[in-house]
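**Q** Task: produce atomic coordinates for the following.
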Amino acid sequence: MESVTVRYRTPSHRRGEVRGVLNALMASRRAVLTTHVNADGDGVGSQVALAAWLRACGTDAWIINPTPFPDLFGFLLPDSNWVVDASSSRAQDLCDQADLAVVLDTGEIPRIGRVKPLIEELKTAVLDHHPPGPNAIGGVSFRDPGACATGEMVYDVVLAANGPWPQAVLDGIYVAILTDTGCFRFSNSTAGSHRVAADLIERGVDPEALHRQVYGASPLRRLRLLQVCLGTLDADEDVGVAWMSVPKDAADAIQATPDDLEGLVDYPRSVEGAAVGLLFRQTSKGDTKVSFRANEAVDMNALARQFGGGGHVRASGALVSHPIEEAIPLVVEATRAAVRAARDGEAS
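**A** Residues are numbered from 1 along each chain as shown. Reported below is the predicted structural model:
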């Protein structure tokens, strides 16, 4: 049988918004790019890819984030000077001189933190794959919760422009998709996302090298932190909820970084029979950050919004204004209720 190559095509429902964002980007001569607080692989991968594409097209592009650019993904940057501290006078100057702000991997004002006052007078373009929330950022919009990652949407834009495709564009998009699909194992890993990945590989991505950079080189302190966190692992096996916490004293003692927390929630999520996995972490201000991850059809976005957070249907987060010892029982009980309701809905 003759083989047939099926190429990726941007879904028809996206094409109008792709064109609108592309027009805004092509009209810009100096752009600033931002993403959500505590940026992940999708946020920064999408930023680096889009910044590299803009620069290849002759537009100055700078990355200004509300929290530091994660060290784990620093290898994606062709030049570390592309990243500017949001609290610096240079960031203010660049925003004053810019003609476009691009917000990636979030569409909500609270999620861009201290960058908001820097860009509020600028024309804005938003590329985001999260369900819309109540505090939407205005401007030119390209939003699709059906995309596996914001990186896939950046790919749509570059594809519509017919490139160019510098290596940083390829690697940034691939890492964005790789991380947000959990190495292509989550339910958002679609035929389309695999076709995008295949095209990126044909254009020069090295999957083994990028996987090793992201997942294959853990500093010893991260494994020490995991060792401590696993001692807190607990589960309600009857309902199917598992949870784990990050002891603040232990994290402080080993000087853990935000990068060291990446992926820890997958351990409670991986408990046999768990419909939902939770990770709790106390902040320096005494609040509690919660990560929600689902294995079954339980809406994590709706659950997180009960605590002022949000995100995806299968993966979300929230900042709970309670100390960790109070937050854990509150969130666990709400999660139990969500799992029961989801299962009752399926049974009816």
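
**Q** so residue 299 sits right up against residue 338, yeah?
**A** Yes. In this structure, residue 299 is within contact of residue 338 by CB atoms under 8 Å, at 7.2 Å. (Glycine included, C-beta is placed from N, CA and C.)

**Q** Between the two, tell me which one has more neighbours.
**A** It is residue 338, of residue 299 and residue 338, that has more neighbours when counted by other CB atoms under 10 Å, with 22 against 18.

**Q** Which neighbouring elements make contact with the strand or helix carrying that one?
**A** Following DSSP states H and E, one finds residue 338 within helix 324-347. Of the remaining helices and strands, those touching helix 324-347 by 3 or more CB pairs under 8 Å, 6 or more residues apart in numbering; DSSP states H and E are strand 241-246, strand 276-282, strand 288-294, helix 300-305, strand 315-320.

**Q** Turn those into a markdown table, including distance to residue 157 and mean neighbour count.
**A** Formatted as a markdown table, the entries for those read as follows, by distance: least, CB to CB, whole Å; neighbours: other CB atoms under 10 Å:
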| stretch | distance to residue 157 | mean neighbour count |
| --- | --- | --- |
| strand 241-246 | 36 | 25 |
| strand 276-282 | 33 | 24 |
| strand 288-294 | 29 | 25 |
| helix 300-305 | 25 | 21 |
| strand 315-320 | 24 | 21 |
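
**Q** May I see these arranged in a markdown table, with mean pLDDT and distance to residue 99 as well?
**A** Supplementary listing: these in a markdown table, determined by pLDDT from 0 to 100; distance: least, CB to CB, whole Å:
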| stretch | mean pLDDT | distance to residue 99 |
| --- | --- | --- |
| strand 241-246 | 98 | 42 |
| strand 276-282 | 97 | 39 |
| strand 288-294 | 96 | 35 |
| helix 300-305 | 94 | 33 |
| strand 315-320 | 92 | 32 |
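
**Q** Mind putting those into CSV with distance to residue 109?
**A** Output for the helices and strands packed on helix 324-347, formatted as CSV (distance: least, CB to CB, whole Å):
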stretch, distance to residue 109
strand 241-246, 28
strand 276-282, 24
strand 288-294, 19
helix 300-305, 15
strand 315-320, 15
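
**Q** For residue 79, which of the ones you listed is the nearest?
**A** With CB to CB as the measure, strand 315-320 is the member of the helices and strands packed on helix 324-347 nearest residue 79 (30.5 Å).

**Q** Give the closest residue to residue 158 in space, chain neighbours not counted.
**A** Take residue 158 and drop its neighbours on the chain: the residue closest to it by CB to CB, 6 or more residues apart in numbering is residue 53, 5.3 Å away.

**Q** now residue 222
**A** Computed as CB to CB, 6+ apart, the closest residue to residue 222 that is not its neighbour in sequence is residue 260, at 4.3 Å.

**Q** next one: residue 271
**A** Leaving out its chain neighbours, residue 271 is closest to residue 242 (CB to CB, 6+ apart), at 4.0 Å.

**Q** list the contacts for the one you found?
**A** 233-236, 268-269, 271, 274, 276-278 (CB atoms under 8 Å, 6 or more residues apart in numbering).

**Q** Name the nearest of those relative to residue 211.
**A** Checking the contacts of residue 242 against residue 211 by CB to CB gives residue 269 as the nearest, at 19.9 Å.

**Q** Was I right to think that closest one contacts residue 292?
**A** No. The pair residue 269 / residue 292 is not scored as a contact, 9.5 Å apart, by CB under 8 Å.

**Q** which residues are common contacts for those two?
**A** For the pair residue 269 and residue 292, residues contacting each of them under the criterion CB under 8 Å, 6+ apart are 276-277.

**Q** follow-up on the earlier one: so is the residue nearest to residue 222 in a helix, a strand, or just coil?
**A** At residue 260, secondary structure determined by DSSP: H, G, I helix; E, B strand; the rest coil is helix.

**Q** Roughly how far does it sit from residue 247?
**A** Relative to residue 247, residue 260 is positioned 13 Å away (criterion: CB to CB, to the nearest Å).

**Q** swap in residue 74?
**A** Here the distance between residue 74 and residue 247 works out to 27 Å (CB to CB).

**Q** Then residue 270?
**A** In this structure, residue 270 and residue 247 are 20 Å apart, going by CB to CB.

**Q** Over to residue 57?
**A** Residue 57 sits at a distance of 48 Å from residue 247 (criterion: CB to CB).

**Q** just residue 179 next, same as before
**A** 26 Å.
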